[in-house]
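1. how would this look folded up:
(one chain, ligands or ions: 1)
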Amino acid sequence: MKFRTRAIHVGNQRDEQTGAVVPPIHVASTFVQHHAGEWREFDYARSGNPTRKNLELTLASLESGTAALAFSSGMAATHCVTMLLESGDHIVAGSDIYGGTYRLLHKILNRSGVLVSLTSTGDLAAFERAITPQTKLLWLESPGNPLMSITDLNACVAIAKRHGVLTAIDNTFATPVLTRPLELGIDIVMHSATKYLGGHSDALGGAIVVADKTLYDRLYFIQNATGAVLGPFESFLMSRGLKTLELRVREQCRTAQQLAKFLEADSRIQRVLYPGLASHPGHAIAARQMDGGFGAMLSFEVVGDFEKTKRVVESTKLFQLAVSLGAVESLIEQPAAMSHASYDAADRLSHGIRDELIRISVGLEAFEDLRDDLDQALNT
Ligand SMILES: Cc1ncc(COP(=O)(O)O)c(C=O)c1O
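-> Numbers count the residues shown, from 1 in each chain. Next up, the predicted model:
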């Protein structure tokens with residue numbers, strides 16, 4: 001079956017007892033055992049819940065994996081991956097990553113002795129040189145956040161194989177509609193399901209999808225032992241969101257491409273960072289690696305300083321001033337003050353996140369209305 005058919009039918013079996021075309025939400029925290037100590041598929045809701053299981057089936061199918069795990073947030077999913085490591089192990093991560101991931105890597109993992117190097121994936125030779133004998137994991141994000149850098153995933157898989165290390169990618173921005181990293185040989189796909197998978201700014205969640213059963217077993221053990229699972233109501237909302245994922249993402253990409261062109265031609269803008277533009281340094285790789293669209297996130301730098309940029313993001317009427325992304329309503333933010341405020345200021349600048357950078361998440365509103373909204377805000 002095609003992607004959008006699987007999004008509707010895999011993990012969404014009808015309820016045989018009632019004929020309901022949508023599976024019921026199971027809220028039970030515990031499940032009866034027929035005999036003491038005889039474990040059935042479900043025994044306790046942290047270890048497994050039927051509604052969460054349905055979502056995991058859909059996610060595994062859409063990411064071309066064999067199994068998925070749903071978490072209470074994207075950060076919980078990322079944390080679970082990092083818990084595969086032990087004291088003394090080392091992670092090489094791309095430098096264009098979500099601010100919360102930066103914080104987890106630098107301010108939490110260091111407490112348990114896991115070391116981290118941030119290196120741009122724009123120079124893969126330097127990226128490979130950052131690998132040491134202690135390196136156990138390459139952490140990637142493509143498109144990156146907030147600079148929309150594109151990482152060549154095939155090349156990273158080849159590097160990882162040479163050094164015998166795991167690869168994991170935060171696939172939140174691309175979604176499985178545009179990039180399915182497991183098909184390219186990446187070991188672990190992670191999502192903030194809060195974003196496109198849910199798609200409506202009404203539920204927090206995270207996910208991990210893998211192809212390898214042994215790796216799944218290791219990750220499941222960590223999830224069950226540490227407990228950051230997704231609840232049944234959020235699982236239901238994510239499953240519902242996934243049914244329209246492809247339609248939403250394709251349309252949002254189309255509008256983002258139009259907005260990128262509009263902004264690129266505007267003298268009030270210094271530069272536009274969108275992989276769908278020929279001017280983007282990662283355009284050729286993105287065209288090969290992304291399936292029929294370049295995402296609905298884009299960043300741009302205005303002519304002006306921190307204050308001018310702040311005024312612009314505070315002046316839009318349709319674009320709402322908020323962190324997060326990937327939902328039907330468009331959002332705008334200033335990374336230096338918002339999504340990437342958790343970076344140390346010097347680190348932020350050295351990674352190219354300037355004060356005049358604005359990031360937008362393009363929703364499902366009409367292109368013309370979004371264009372006019374940016375136009376009036378830039379005149380502020
Ligand atoms: C790219 C990316 N990864 C991970 C996260 C963290 O996800 P969550 O907020 O669901 O914990 C976010 C949140 O903004 C994100 O944008």
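2. From now on I want contacts and neighbour counts done on CA atoms only, so please keep to that.
-> Will do.
3. Just the buried residues of the helix or strand of the chain with the lowest mean pLDDT, please?
-> One helix or strand of the chain scores below all others by mean pLDDT, DSSP states H and E: helix 345-350, with a mean of 84. Going by neighbour count (16 or more other Cα atoms under 10 Å), the buried part of helix 345-350 is residue 348.
4. What is the end-to-end distance of stretch 280-295?
-> Using Cα to Cα, to the nearest Å, the span of stretch 280-295 from its first residue to its last is 13 Å.
5. That stretch close to the ligand?
-> No - using Cα under 6 Å from any ligand atom, stretch 280-295 stays clear of the ligand, with a minimum separation of 12.4 Å.
6. For the ligand, what's the nearest residue on the stretch 51-200 of the chain?
-> residue 74 (3.5 Å; Cα to the nearest ligand atom).
7. Now name the helix or strand holding residue 138.
-> Using DSSP states H and E, residue 138 sits in strand 135-141.
8. who does that strand touch, helix- and strand-wise?
-> For strand 135-141, the elements it packs on are strand 90-94, strand 166-170, judged by 3 or more Cα pairs under 8 Å, 6 or more residues apart in numbering; DSSP states H and E.
9. Run through who's touching the last one.
-> Counting contacts by Cα atoms under 8 Å, 6 or more residues apart in numbering, the residues outside strand 166-170 that touch it are 136-142, 156-157, 160, 181, 186-192.
10. Check the first one too.
-> Residues lying outside strand 90-94 but in contact with it, judged by Cα under 8 Å, 6+ apart, are 114-121, 127, 130-132, 134-141.
11. cool, stretch 199-217 as well?
-> Against stretch 199-217 from outside (Cα under 8 Å, 6+ apart): 59-60, 63-77, 182, 187-195, 230, 234, 237-238, 241-242, 245, 326-329.
12. Show me those residues that map onto helices.
-> 59-60, 74-77, 234, 237-238, 241-242, 245 (DSSP state H).
13. Kindly reformat those as TSV containing distance to residue 3, neighbour count and pLDDT.
-> Listed next are those as TSV, based on distance: Cα to Cα, whole Å; neighbours: other Cα atoms under 10 Å; pLDDT from 0 to 100:
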residue	distance to residue 3	neighbour count	pLDDT
59	11	29	98
60	12	21	98
74	23	25	98
75	26	20	98
76	27	23	98
77	24	28	99
234	22	24	98
237	19	19	98
238	16	31	98
241	14	21	98
242	11	25	98
245	10	22	98
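14. which two from these end up farthest apart in space?
-> Distance extremes for the ones in helices among the contacts of stretch 199-217: the farthest pair is 76 and 245 at 22.3 Å, using Cα to Cα.
15. what are the ranges of the strands in this protein?
-> Ranges of strands in the chain, per DSSP state E, are 67-71, 90-94, 115-119, 135-141, 166-170, 188-192, 206-210, 269-273, 297-302, 320-321, 331-333, 357-361.
16. Can you say which of those strands is packed in most?
-> strand 206-210 (a mean of 29; mean count of other Cα atoms under 10 Å).
17. distance between that strand and the chain's centre?
-> Distance of strand 206-210 from the chain centroid (Cα atoms, centre = their mean, to the nearest Å) equals 10 Å.
18. just to revisit the earlier point, let me know whether the residue of the stretch 51-200 of the chain closest to the ligand touches residue 196 as I believe.
-> No - Residue 74 is beyond contact range of residue 196, at 12.0 Å (criterion: Cα atoms under 8 Å).
19. What's the mean pLDDT across stretch 351-364?
-> Across stretch 351-364, the average pLDDT comes to 94.
20. so what's the closest residue to residue 27 other than its chain neighbours up against?
-> Closest residue to residue 27 apart from its sequence neighbours, by Cα to Cα, 6 or more residues apart in numbering: residue 232 at 6.1 Å. Residue 232 sits next to 25-27, 49, 51-52 when contact means Cα under 8 Å, 6+ apart.
21. Who wins on neighbours among the residues you listed?
-> residue 52 (27 neighbours; other Cα atoms under 10 Å).
22. residues touching the nearest residue to that residue once chain neighbours are set aside, list them.
-> Spatial nearest neighbour of residue 52, excluding adjacent residues (Cα to Cα, 6+ apart): residue 235 at 5.3 Å. Going by Cα under 8 Å, 6+ apart, residue 235 touches 51-52, 55, 70.
23. what pLDDT does residue 235 get?
-> 98.
24. again with residue 145
-> So, for residue 145, pLDDT stands at 89.
25. hmm, back to that, so which of the contacts of residue 235 belong to helices?
-> 51-52, 55.
26. Could I get those residues in a markdown table, plus columns for pLDDT?
-> Shown next, in a markdown table, are the ones in helices among the contacts of residue 235 (pLDDT from 0 to 100):
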| residue | pLDDT |
| --- | --- |
| 51 | 98 |
| 52 | 98 |
| 55 | 98 |
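27. For residue 273, give the beta-bridge partners.
-> Following DSSP bridges, residue 273 is listed with bridge partners residue 299.
28. Report the contact partners of it.
-> 147-148, 280, 298-300.
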